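K.L.:
sequence plus the predicted model coming up.
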Amino acid sequence: MENSIFQKHDRKKRMGPVELPLGVGVLYVGVDVGGTFTDAVLLEKGFVRAMAKVPTKEDLLSSLLEAFDRIIRQGVPVELIKRVVFSTTMITNLIVEKKYDRVGLLIMPGPGLSYKTYNFPTDTYIIPGAIDYRGREIIPVDLSEVDKALALFAAKNYRKIAVVGKFSSRNNAHEVKVERHLRGKFPDWHCELGHKVSGQLNFPRRVVSTFLACATREKYRGFIRSVQEALAQRNIYAPVFILKADGGTLPLSYSPEAAIETIFSGPAASTLGVQALTPEGETSVVVDIGGTTTDLALILGGQPLLSSKGARINDYLTHVRTLAVKSVPMGGDSVCERVGKEIIVYSERMGEPYCLGGPMPTPTDALRVLGLTMLGDEERAREAMNMLGGPLGLTNEEVARRIVSFVCDFIAREVMLMFTQWEQEPAYRVWEVLQKKKVRPSTVVGVGGGAAGFITQIAARLGCSPIIPPYAPVANAIGAAVARPTLQVSLRVDTEQAIYTILEEGYQDQLKESHFDENKAVELAKMWLFKRIAKYGLEKDLKEVEVTRREVFNLVRNWVTVGRLYDVVVQSQRGITHHVGFEVSNDGA
Amino acid sequence: MMGLKKTGIVFFPAFDWAISPTHPEREERLLYTRDQIFEEGVLDLPQILEYPPRLATMHDISRVHFCVPRVQSRVTEAHLIAAGATMLLGDRIITGEIRNGFALVRPPGHHAMRVVHGNRGFCNINNEAILVDYLRRRHGIKRVAIVDSDVHHGDGTQDIFYHDPDVLFISFHQDGRTIYPGTGFPNELGGPKAFARTLNIPLPPGMTDETFHYVVDNLVLPVLNDFQPDFVINSAGQDNHYSDPLGSMRFTAQGYADFTKKLNPHLAVLEGGYAIESALPYVNLAILLALAGEDYSNVREPDYWPGRLQENPERSAKVRQMVDQLRELWQKRNAVDVEKLFGGGRFYQRKKRIYYDTDYIDEEQVEKLRLCPSCPGYLIIDSRADHGFGHPTRAYCVSVPFSACAACHQEAYDAYEEGKQMSGYHYVYLQDKATDVYYSYDREKRQEWISEGPKMDG
Ligand SMILES: [Zn+2]
Ligand SMILES: [Zn+2]
């Protein structure tokens, strides 16, 4: 997140490592590697023991080492660190700046939507072959066409290929066949398969997700190497995890499989941080006011809201599940202008606030005049207000109050809109439609440099209580530190065809059990989840699992039930490992 | 004005609602349609906007139906959601937020008639009719056309608008002598006040897209062009598909999509269609793409190949003949001597027998229409429903049209009051569309319910 100078300056004053004697409890480390800053915290028994904010440099290793050295000072027993969790915007930034590797696309869409609709970001070759929604082959895959495609890709110097078929999550045979063929011809090429990247329905999103996974894999491995090197140099041998966009974590060493799931883990970290820093079970809005944008997130009954659809990045729609974070164009550096007798705040940034030497009046200048921030030069701030209010005969304070009020109205409106949009999400079952009731927040939690000046008024407009948690500026790193590992298994069974698939593993097999039923489906899904947990070495962390979806459909032919479809999703407990205490908050300020 | 706007869709598969576990109208019916539509990613297309459904109210249903004994006893929440979905899309189309819409919802409704004693033809309430009367009440829409492309005759919709000069109902379907509900012949043309506002084209089994489009090009489109409706609805049943287990027609997904493109309806509402694997995923996708103005030429059924479906030339020649006759009749509709056809006097009366195939109810109706010189006239229905265990249920229903004259309005209220006094009836109803107030009276309990609905706010 680029939170601009607006936070940067404020933080200098408020932050700095907390000098407290360490207990002998378990330690947690959270590190958020952002585009501009790398934030790190050291937690002990739910208390913040140290925090750091260092610039993210080209040489990632040195930034990480610097952050470690600031939070893990002499005498801190590194062997007591139980877990280190990273979150990063690195992959997001790579994608936004298009600094990823070249990837050729081999797709098998078969009949359906016109190919003209597809607008994928690279050379795309369409191979004949089709699978239907139940995984039955409609058109066999044509390997001679694959040969032609590979020759073309080779001529164009592609060495990485993403292979994606429509309904490949229902039957991966075509993708696997193409991969095998490709490996036979070009053993050193890298090949990424759609069904391994995403088991969810939506072919175009699967294509984009697979493309991005393939294109960022090497760079992501580089990130992991830097992290491992930094940890080794500081003798930290605790289990290391990486935060995903949905707020769960994965062991770092397994994460290349799911690199693109780290897209937008930055906002997820902040939201989890706020969750950790506020009382349990509340319904709150997280308002993170930065320089140019304000990020809004919802915590409903203590759990961060997940977005119903995958993330959009660079106008490409993916399958990456994220926490529902909405960015609105309003922040401390937004430009204020006089229009007739009105004073309007625009959704754009022209530079720094006037009080910091910028060209135009901004909400930051208004806060400075009202004494709600100590940022910048007070005289210049007054000058900025006078530029706007002078011709209208308004005092500087009146102008400042109008600006703050404008910003608060704008953000409060966006919050309400976010709740309405959430209520407007599709429902496909009678009970889902009936249970949709109006949920409204009880607290507004302010994070980010501008929070202090605005949050009280925003909360008042929404009829909520305002909270500015301690350590708000490093909420992201705290969020990373407390994020729970989460694993999920989605099982789909088609008893008529006697096959089952585990979407997350890209695994499919024959169903051997003859008297299959719903309970057995749940057992099978749980068995696979525990297998997955064991694979990641998380047996100690993940004991409780819950069934989050359980659907049974009868397959009927001529009024006789000939089989059943089972869709079962089981996952380990989501959320945070613990809340972070408030006692030491004063020491931090 | 509607140039670049979007296509709205409410997708409500009601995954937790079925008539019975193996009934064609069951949970799984739209499962593969969901799979296809989700996997294709069409809901991500910028010109398609998905809305969650909303619930219709009891009041909205009373505007159309006489539910015996009460609305609550004849509808489930799933019905309210399906009807509500069409209303939601109707609102958005009228306000101009979207150009057209697709209510991809279940349960269906086109067999539900004005009087509802139970479920017939998998339908309890008529989603399209509820929308039409809602649009007229809420948005002041005058003329509506409903084109029913289900393999079964849309007898419920026909029944509801049979005397309504402002609603044109055209249904083409498999010949009633070979399929449920056994009606929908060319001589069913609407009542004396709405002559030729009902048009039926029964098709012999085995007809393909060729005859389908002959009917569309030579009857449906020219008639619509003459009628100039403000709002066009397609009852988009898909059981004319060549793989449907209930119908015997041979239409394809491409045939349906071409039809949708030509008809260009404001709203398509899913009706029947029970080839849930081999037809629905493809037909629904093709219809949605056609509505959105997208290229649908790459949509095809896995087992289809060009030339696969042939039709009997003699049979199609007969259809062409019938189409030409109906078109001639339509052109001469204003010259027809209605009095000679229906008789004169104060009232026009007809008897009907209605069978509820799902609930095994036998209903007899005597329908009396006031032949008013200054308005479409109010309607009285005397209904007697035999549930098969003796003691038939009798209902006396009075309906006042939107554009009723003052005299008819008064007479209808008098008829209702009289009805309340008549022994032999269990339930008496007054449906006053003109003022949007609906009365129902339980004679045994001597209790009256009045539904005034929400106050209009312009
Ligand atoms: Zn039908
Ligand atoms: Zn009259």
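P.N.:
The structure has been received and is ready for your questions. Residues are numbered from 1 along each chain as shown, chains lettered A, B, ... in the order given. Ligands and ions are numbered 1, 2, ... in the order given.
K.L.:
C-alpha only now, for contacts and for neighbours.
P.N.:
Noted.
K.L.:
next, count neighbours for the residue in the stretch 1-150 of chain B that ligand 2 sits nearest to.
P.N.:
Nearest residue of the stretch 1-150 of chain B to ligand 2, counting by Cα to the ion: B:Lys142, 17.7 Å away. When counting by other Cα atoms under 10 Å in any protein chain shown, one arrives at 16 neighbours for B:Lys142.
K.L.:
check contacts around it.
P.N.:
Going by Cα atoms under 8 Å, 6 or more residues apart in numbering or on different chains, B:Lys142 touches B:Arg136, B:Asp166, B:Pro229, B:Asp230.
K.L.:
and the helices in the stretch 451-589 of chain A?
P.N.:
A:451-462, A:475-482, A:518-535, A:585-588 (DSSP state H, counting those that start in this stretch).
K.L.:
which residue packs closest to the residue of the stretch 251-400 of chain B found nearest ligand 1, ignoring adjacent ones?
P.N.:
With Cα to the ion, the shortest gap between the stretch 251-400 of chain B and ligand 1 falls at B:Gly272, namely 4.0 Å. Excluding its sequence neighbours, the residue lying closest to B:Gly272 (Cα to Cα, 6 or more residues apart in numbering or on different chains) is B:Gly237, at 4.4 Å.
K.L.:
relative to A:Leu305, how far out is that neighbour?
P.N.:
Separation of B:Gly237 from A:Leu305 (Cα to Cα, to the nearest Å): 38 Å.
K.L.:
next, count neighbours for the closest residue in space to B:Glu444 that isn't next to it in sequence.
P.N.:
Computed as Cα to Cα, 6+ apart, the closest residue to B:Glu444 that is not its neighbour in sequence is B:His426, at 6.6 Å. B:His426 is flanked by 20 other residues according to other Cα under 10 Å.
K.L.:
the helix or strand that B:Arg394 is a member of packs against which elements?
P.N.:
Using DSSP states H and E, B:Arg394 falls within strand B:393-400. Under the contact criterion of 3 or more Cα pairs under 8 Å, 6 or more residues apart in numbering or on different chains; DSSP states H and E, strand B:393-400 touches strand B:379-386, helix B:406-421, strand B:427-432.
K.L.:
please parse chain A into its domains.
P.N.:
Using automatic domain parsing, the domain ranges for chain A come out as A:104-216, A:326-468, A:488-572.
K.L.:
average pLDDT for the shortest one, rounded please.
P.N.:
Confidence over domain A:488-572, taken as the mean pLDDT, stands at 88.
K.L.:
likewise stretch A:212-224?
P.N.:
The average of the pLDDT scores along stretch A:212-224 is 91.
K.L.:
residues making contact with it?
P.N.:
A:60, A:91, A:94-95, A:100-103, A:160-162, A:190-192, A:197, A:252-253, A:256, A:258-260.
K.L.:
when you check ligand 1, which of those turn up near it?
P.N.:
Among these, not one lies near ligand 1 by Cα under 5 Å from the ion.
K.L.:
would you mind listing what in chain B touches ligand 2?
P.N.:
Within chain B, the positions adjacent to ligand 2 are B:Cys372, B:Cys375, B:Gly377, B:Cys405, B:Cys408 by Cα under 5 Å from the ion.
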